[in-house]
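> what's the 3D shape of this:
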Amino acid sequence: MFLLTLLMSLSASAESCDKVTNYRQFFKCSLEKHPEHEIAKLKTADSQAIVDRSSQWENPDLDLKTVGGEKAGEPVGSVELSVAIPISQIWVNGARRQVGRADKRIAELESQEMSIGAQKKLIVDLYRLRQVDESLELVNEAIGAFGKIRGQLRGRLARGPEQEITLNLVELASGDYELRRNHLMVERTNILSTFKALWGPNFEIKKEFLPPLKETWPKLSSTESTTSKSLATQRLLAQSEKLIAESSLAMKESWPTVKIGPTVERTTEGLSQYYSYGFNLNMTLPLFSMNGGARRYAESQAMQARLLSDFASKRSQLDRTILALKYQSAVDSLRRSTTREELKKKHNRIDSLFRQGLASGGIVIEAHRQITEFAESQHEHETAAIDSYIELKAMNGESIEEIF
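Below you'll find the predicted structure:
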């Protein structure tokens, strides 16, 4: 029944990813295809096996000894069978389970960090891809406008000094914008390579797969910058707990290994046989080593881990405060800035004035430069807001999809 349910869910997921219609769905389907996200799920599923493995009992020892001979023409001999169970694991396995639980916690945190890292990369790439497409549109429009100015100036039989200067400026600006376009195209290709690797070499990005500029940004909780430890700090704490457990394990492993069990012996004398029953004890004598070096090393490592986790905990509070200020500052700047619609109207107005002969070529060049730089600045603030928000949520291991 479970297998049938799993197959049905996988089939439904595959069908939904074949009909992607918006950027949220595209993100989720891309995440399901991402290898790091899949590895993170496997690591989480395997974490319990770490504890089970650490507390497994050693197999008992089986010892069989047989001797035989003759006495006065009669056969004599004995067969001895012993089983030795390592009872020293009773006081060692507790420490091993502590190490295993710490390893499990570390594996869970690492898988969480890996999954969030994959989500973060996809979200940032999707936003950046939309920004690159917007920048390419502005750059192509500017190159087209510069081409018209250059064509008009070159078509004149006689050019004055101001027109010669304008022609030179247009040619320089065209060359600069061509370089910008090449740089943006390379960046776009690099980002798309990730999605082609996930979706196949024939994948083509669609406009509806890209998130628009947010009109309403998420609000930060007043307590999330001061409560709970970050994932990195939690991992350091788990590593500290593991090293403390390893120190305890080293201490317990320094005690002798003790094995006990029953012994059965069958003795043969001629035609007579009889059985003897007893008890065997096997113990390592700690004459040459008490594992002192391992204990001191484990204690030193545990102390170092505690110092690092304490520092990371204090630093994470400061990092949260800085990220919250960075996020709020970027969001406030975006709210006060000119909207995309207003920017497009200004752009169209400048081109219209130039076509009517009411604006000089130099003014058109400067207007396009300012519009392009404004768009780049807006993209930088948007990226800063996205990055800082994602970092804040990721520090706590919380969902970062709200940025969509």
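> What segments of the stretch 51-200 of the chain are strands?
For the stretch 51-200 of the chain, applying DSSP state E, counting those that start in this stretch gives strands covering 61-71, 74-86.
> What helices and strands are in contact with the last one?
Identification of packing neighbours for strand 74-86 by 3 or more C-beta pairs under 8 Å, 6 or more residues apart in numbering; DSSP states H and E yields strand 61-71, strand 258-269, strand 272-283. For the C-beta atoms, the positions are set from N, CA and C on the backbone; glycine is no exception.
> Quick one: distance of the last one to the chain centre.
Here strand 272-283 shows a centroid-to-chain-centroid distance of 59 Å under the convention C-alpha atoms, centre = their mean, to the nearest Å.
> re the thing from before, could you work out which of the strands of the stretch 51-200 of the chain reaches nearest to residue 19?
strand 74-86 (59.3 Å; C-beta to C-beta).
> Kindly format the C-alpha coordinates of that closest one as PDB.
Taking Å, rounded to 0.1, in the frame of the first residue of the first chain, the C-alpha atoms of strand 74-86 are listed here in PDB:
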ATOM      1  CA  GLU A  74      41.800 -47.300  25.700                       C
ATOM      2  CA  PRO A  75      40.900 -44.000  23.900                       C
ATOM      3  CA  VAL A  76      41.000 -40.900  26.000                       C
ATOM      4  CA  GLY A  77      40.300 -37.300  25.200                       C
ATOM      5  CA  SER A  78      38.200 -34.200  25.700                       C
ATOM      6  CA  VAL A  79      36.200 -31.700  23.700                       C
ATOM      7  CA  GLU A  80      35.800 -28.200  25.200                       C
ATOM      8  CA  LEU A  81      33.300 -25.600  23.900                       C
ATOM      9  CA  SER A  82      33.300 -22.000  25.200                       C
ATOM     10  CA  VAL A  83      31.200 -19.000  24.300                       C
ATOM     11  CA  ALA A  84      32.500 -15.500  25.400                       C
ATOM     12  CA  ILE A  85      30.200 -12.500  25.400                       C
ATOM     13  CA  PRO A  86      31.800  -9.000  25.500                       C
END
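> mind listing what that strand pairs with, with the direction of each?
Using DSSP bridges, the strands paired with strand 74-86 are strand 61-71 (antiparallel), strand 258-269 (antiparallel).
> what does the last one contact?
So the one you mean is strand 258-269. The contact list for strand 258-269 (C-beta atoms under 8 Å, 6 or more residues apart in numbering) reads 60-61, 68, 71, 74-88, 273-284.
> now swap in the first one and tell me
Contact with strand 61-71 is made by 75-84, 86, 259, 261, 268-269, 280, 282, as judged by C-beta under 8 Å, 6+ apart.
> and the closest residue to residue 136 other than its chain neighbours, what does it touch?
What sits nearest to residue 136 in space, not counting adjacent residues and going by C-beta to C-beta, 6 or more residues apart in numbering, is residue 184, at 5.2 Å. When contacts are counted by C-beta under 8 Å, 6+ apart, residue 184 touches 132, 135, 136, 139.
> In CSV: these, plus pLDDT, neighbour count and distance to residue 26.
Shown next, in CSV, are those (pLDDT from 0 to 100; neighbours: other C-beta atoms under 10 Å; distance: C-beta to C-beta, whole Å):
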residue, pLDDT, neighbour count, distance to residue 26
132, 96, 22, 17
135, 93, 20, 21
136, 95, 16, 20
139, 93, 23, 25
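> Which two of these have the greatest separation?
132 and 139 (10.1 Å).
> Phi and psi next, for the residue at the greatest distance from the centre of the chain.
Using C-alpha atoms, centre = their mean, the residue of the chain lying farthest from its centre is residue 72. It sits 80.7 Å away. Dihedral pair for residue 72: phi 50, psi 40, per degrees, to the nearest 10.
> burial count for residue 161?
7 (other C-beta atoms under 10 Å).
> any idea how far residue 168 is from it?
11 Å (C-beta to C-beta, to the nearest Å).
> With residue 272 instead?
Counting by C-beta to C-beta, the gap from residue 272 to residue 168 is 122 Å.
> so residue 390 makes contact with residue 123?
Yes: in terms of C-beta atoms under 8 Å, residue 390 counts as a neighbour of residue 123; the distance is 6.6 Å.
> Quick check: which element contains residue 350?
Using DSSP states H and E, residue 350 maps to helix 340-355.
> Pull the number of nearby residues for residue 260.
By other C-beta under 10 Å, the residues close to residue 260 number 15.
> er, residue 320 actually
Residue 320 has 21 nearby residues by other C-beta under 10 Å.
> quick revisit: now, of the contacts of strand 258-269, which are buried?
Listed as buried from the contacts of strand 258-269 are 79, 80, 82, 84, 85, 86, 88; burial here means 16 or more other C-beta atoms under 10 Å.
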